[in-house]
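Enquirer: Just a sequence and a predicted model for now, questions to come.
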Amino acid sequence: MRELRLARASRPATDRWRELPIAPRGGTRIGISFRPLQAADLGLDPQEALRSLLAYPFEIIRIGAYWNRIEQRPGGFEPAELDRELDAVEAAGKQVILCVGAVKTFGYPEFFVPAHHVQEPLREGSLVTPEARADLLDAAAEHITRLVERYRDRSAIIAWQVEHEAVDPLGMEHSWRLAEAFARREVEAVRAADPGRPVMMNGFLAMSAPVRIQQHWRTRDQGDSLAVAQRLADIVGVDVYPRHALAAAGPLTLYLDGSGGQASRRRREELLAWAAVPGRQLMIAEGQAEPWEAVTTPPSPPGRVMRSCRPEDLIANYNDCLRWGSSAISAYLFWGAEYWLLRDRQGDPSYLRALGRLLEAA
């Protein structure tokens, strides 16, 4: 299969990112996602990392409200950390997409339900329905309502994100899935608390045939997260990862490489047709801009870059998505900002400079 590639995972860094042409963005706004937990895991100070990133002239930042960090005890509500993030973003003049979760929020491990709400673990292989887990759904809807009511007067917030890849299995860690009816109740809670702002939901776009087949099989009963987002949301966010590792052995790694884009062409056309209806938006919620290797934390070898996403791929992935039609893509959010800061601290500013070049040229 052409999409399977066996290659050395790391290779010498080059300056190729300086030479790539950059697609004009037209009306597409540019932004990033920020993961404070990822920043901390990389040894960075999250507040300092956020301040450093906000100095760049992008327009939108996606921030997550992590339920188990806000409700650390039954009945608790401690949003001070989130308040500080939003204050910093507003001071920098950026717009915000706030992911209110509640069960799943972007950033590993993606599951951030407080322990006191999951005294019975979600059963592997099950579909988590409102009937089966009414306790969890009621708590999630209450938490979402409280968040939206707290922040709905902040003009910087332009959309609420509900769940993260809402009805897909949780990576390889868990095989349970949220039912569409579960996510619909959460969307209804957002709309009741703030009828004026759009709801965004995101989903993973299968870039290779093996991933597409697996995704279809695992979600065949109700469709994947993109399909559910089309039914429930005002904005569909597409998560685009052209190249990722499957397994590694020593210096060699087996990759799935869908950077040619052929496997996803038909699905992209369907999404573009959906977004052509007035009142709907299509955005790239996660454009791959950090390595996705066969380990949880992206490796950062001195003087070398990882094959799954080099600095030039930050630009190339952006270019490929803008070729879908920049007039149809309302925003493009890069994924991996914390990794760029780590590389810069280690003496390799190329990821950040690639972003800077793109922002200037686009």
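Expert: Received it, and whenever you're ready, just let me know what you need.
Enquirer: Was I right to think residue 292 contacts residue 298?
Expert: Yes: using C-beta atoms under 8 Å, residue 292 makes contact with residue 298 at a distance of 7.3 Å. For the C-beta atoms, the positions are set from N, CA and C on the backbone; glycine is no exception.
Enquirer: which regions of the stretch 201-350 of the chain lie under the pLDDT threshold?
Expert: Under the criterion pLDDT under 70, no range of the stretch 201-350 of the chain is flagged.
Enquirer: Please, where are all the helices along the stretch 101-250 of the chain?
Expert: Taking DSSP state H, counting those that start in this stretch as the test, the helices found in the stretch 101-250 of the chain are 134-151, 180-193, 209-218, 225-232.
Enquirer: hey, which of those helices is tucked in deepest?
Expert: Among the helices of the stretch 101-250 of the chain, helix 225-232 has the highest mean neighbour count (mean count of other C-beta atoms under 10 Å), at a mean of 23.
Enquirer: got the angle for it vs helix 209-218?
Expert: Using axes from the mean of the first three to the mean of the last three C-alpha atoms, to 10 degrees, the direction of helix 225-232 lies 50 degrees away from that of helix 209-218.
Enquirer: Please renumber the chain so that the first residue is 28 from this point on.
Expert: Sure, I'll start numbering at 28, so the last one becomes helix 252-259.
Enquirer: quick one, phi/psi of the closest residue to residue 329 other than its chain neighbours?
Expert: Spatial nearest neighbour of residue 329, excluding adjacent residues (C-beta to C-beta, 6 or more residues apart in numbering): residue 373 at 6.7 Å. Main-chain torsions, residue 373, degrees, to the nearest 10: phi -90, psi 10.
Enquirer: how many other residues sit next to residue 373?
Expert: Neighbourhood size, residue 373 [other C-beta atoms under 10 Å]: 12.
Enquirer: Over to residue 153?
Expert: Residues near residue 153, counting by other C-beta under 10 Å: 13.
Enquirer: List the residues that contact the residue lying closest to it once chain neighbours are set aside.
Expert: Leaving aside its chain neighbours, residue 153 sits nearest to residue 203 (5.1 Å; criterion: C-beta to C-beta, 6+ apart). By C-beta atoms under 8 Å, 6 or more residues apart in numbering, the residues touching residue 203 are 149, 150, 151, 152, 153, 154, 155, 196, 197.
Enquirer: Does the fifth one touch residue 159 like I think?
Expert: What that stands for is residue 153. Yes: at 7.4 Å, residue 153 counts as touching residue 159 under the criterion of C-beta under 8 Å.
Enquirer: Just the buried ones from the contacts of residue 203?
Expert: For the contacts of residue 203, a burial check counting by 16 or more other C-beta atoms under 10 Å picks out 149, 154, 155, 196, 197.
Enquirer: rewinding a little: could you check how far the residue nearest to residue 153 is from residue 160?
Expert: Taking C-beta to C-beta, to the nearest Å as the measure, residue 203 falls 10 Å from residue 160.
Enquirer: Equivalent analysis for residue 59, please.
Expert: For residue 59, the distance to residue 160 - C-beta to C-beta - is 33 Å.
Enquirer: what residues are up against residue 306?
Expert: residue 261.
Enquirer: Would you verify that it is located in a helix?
Expert: No: under the criterion used here (DSSP: H, G, I helix; E, B strand; the rest coil), residue 306 is coil, not part of a helix.
Enquirer: if we can go back for a sec, phi and psi next, for the residue nearest to residue 153.
Expert: The phi/psi pair for residue 203 (degrees, to the nearest 10) is phi -70, psi 160.
Enquirer: That one and residue 290, how far apart?
Expert: Distance from residue 203 to residue 290, by C-beta to C-beta: 27 Å.
Enquirer: try residue 360
Expert: 22 Å.
Enquirer: So the two - more neighbours on which side?
Expert: Neighbours per residue, other C-beta under 10 Å: of residue 360 and residue 290, the larger number sits with residue 360, 24 against 19.
Enquirer: what about the nearest residue to that one once chain neighbours are set aside, distance to residue 123?
Expert: If you skip the residues right next to it in sequence, residue 360 has residue 58 as its closest partner in space, 4.5 Å away by C-beta to C-beta, 6+ apart. As judged by C-beta to C-beta, residue 58 and residue 123 stand 9 Å apart.
Enquirer: overlap in contacts of these two?
Expert: Common neighbours of residue 58 and residue 123 (C-beta under 8 Å, 6+ apart) are 87, 88, 89.
Enquirer: Wait, the first one touches residue 361, no?
Expert: This means residue 87. No: counting by C-beta under 8 Å, residue 87 stays clear of residue 361, with 10.4 Å between them.
Enquirer: got the residue ranges for the strands in the stretch 178-327 of the chain?
Expert: Along the stretch 178-327 of the chain, the segments classed as strands by DSSP state E, counting those that start in this stretch run 184-189, 204-205, 226-231, 262-267, 270-276, 279-284, 308-315.
Enquirer: Quick one, which of those strands gets closest to residue 382.
Expert: Comparing those by their distance to residue 382 (C-beta to C-beta), the top pick is strand 308-315, with 11.2 Å.
Enquirer: now the angle from that closest one to strand 262-267?
Expert: Using the same axes, to 10 degrees: strand 308-315 against strand 262-267 is 30 degrees.
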